[in-house]
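J.: Quick one, fold the following:
(one chain, ligands or ions: 1)
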Amino acid sequence: MGSTIFSKIISKEIPANIVFESDTVLAFKDINPQAPIHILIIPKIEIPTITDIKGSEHASLLADMFDAANQIAKQMEIAESGFRLVLNCGRDAGQEVYHLHMHLLGGRQMKWPPG
Ligand code: 5GP
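T.: Reported below is the predicted structural model:
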């Protein structure tokens, strides 16, 4: 049973453009892309946000998310040109969906500082 839209994407109740799937991680195109390549990488278990992460419990899952990011970046041919990974936590960061997710953004020159 899931409480966010991402749980329904994991269970395939609602469609998404999936680019990567493993036993622990799902990745799909963001519905409102902020760059030519904008992928969301999520754990299949429900972790609402960064402050719910426990290193002792989730270390291997976090490694799986980074492995997925690298694999997708290679697949989409942005591993060499570069890309950005973003995790928003809470109100001030503008987090909208309370299911942990990593934004993988690429395919254009990024600016710093971010907005
Ligand atoms: P947040 O602001 O929480 O870090 O990012 C949530 C992201 O999820 C946003 O970039 C938003 O466009 C994306 N999103 C929200 N609902 C859906 C959906 O139903 N499908 C997909 N593919 N992306 C979604």
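
J.: can we go C-alpha only for contacts and neighbour counts from here?
T.: OK.

J.: how would you label the nearest residue to residue 88 once chain neighbours are set aside: helix, strand or coil?
T.: Distances taken as CA to CA, 6 or more residues apart in numbering place residue 95 nearest to residue 88, at 5.2 Å, with adjacent residues excluded. Taking DSSP: H, G, I helix; E, B strand; the rest coil as the rule, one finds residue 95 in the coil state.

J.: how about low-confidence regions in the protein?
T.: The chain contains residues with pLDDT under 70 at 1-2.

J.: next helix or strand past the longest strand seen in it?
T.: Assignment by DSSP state E gives strand 37-43 as the longest strand of the chain. Downstream of strand 37-43, the first helix or strand assigned by DSSP states H and E is helix 55-75.

J.: list the helices and strands that next one packs on?
T.: Contact here means 3 or more CA pairs under 8 Å, 6 or more residues apart in numbering; DSSP states H and E; on that basis helix 55-75 packs against strand 18-21, strand 25-29, strand 37-43.
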